[in-house]
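Participant: how would this look folded up:
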Amino acid sequence: MAWICASVIVSAIGFVLLHYGRKLGRPPQAVVGLLMLVYPYFVPAVVPMAIVAAALLLLLWLAVRLGW
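Facilitator: Predicted coordinates for the structure are as follows:
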């Protein structure tokens, strides 16, 4: 049950990022959003899913901070 909840939360964040990135023409947000929509289906546990989500969001933050 925890895996399903975590997957829905991560995918929802990915959907919002993808929509935002496509609407405003922001490739970093669109790419990270697409990755966050897809990868939860391939991760079998909650903790690795959370670690990957945090890493993707950190990379997005760094990309935006550096001017992408």
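
Participant: what residue is smack in the middle of the protein?
Facilitator: Centroid-nearest residue in the chain: residue 36, 3.2 Å away (criterion: Cα atoms, centre = their mean).

Participant: you'd agree it is up against residue 10?
Facilitator: Yes: the pair residue 36 and residue 10 passes the contact test of Cβ atoms under 8 Å, sitting 5.6 Å apart. Just so you know, the C-beta spots here come from the backbone N, C-alpha and C atoms, and that holds for glycine as well.

Participant: now for those two: what residues contact both?
Facilitator: Here residue 36 and residue 10 have residue 53 as joint contacts, going by Cβ atoms under 8 Å, 6 or more residues apart in numbering.

Participant: need the CA coordinates for the host helix or strand of the residue nearest to the centre of the chain. PDB is fine.
Facilitator: Applying DSSP states H and E as the criterion places residue 36 in helix 27-38. Taking Å, rounded to 0.1, in the frame of the first residue of the first chain, the C-alpha atoms of helix 27-38 are listed here in PDB:
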ATOM      1  CA  PRO A  27      12.700  21.900 -21.000                       C
ATOM      2  CA  PRO A  28      14.300  21.100 -17.600                       C
ATOM      3  CA  GLN A  29      10.900  20.900 -15.900                       C
ATOM      4  CA  ALA A  30       9.400  18.900 -18.700                       C
ATOM      5  CA  VAL A  31      12.200  16.400 -18.800                       C
ATOM      6  CA  VAL A  32      12.200  15.900 -15.000                       C
ATOM      7  CA  GLY A  33       8.400  15.700 -15.000                       C
ATOM      8  CA  LEU A  34       8.400  13.000 -17.600                       C
ATOM      9  CA  LEU A  35      11.000  11.000 -15.700                       C
ATOM     10  CA  MET A  36       9.000  11.300 -12.500                       C
ATOM     11  CA  LEU A  37       5.900  10.100 -14.300                       C
ATOM     12  CA  VAL A  38       7.700   7.000 -15.700                       C
END
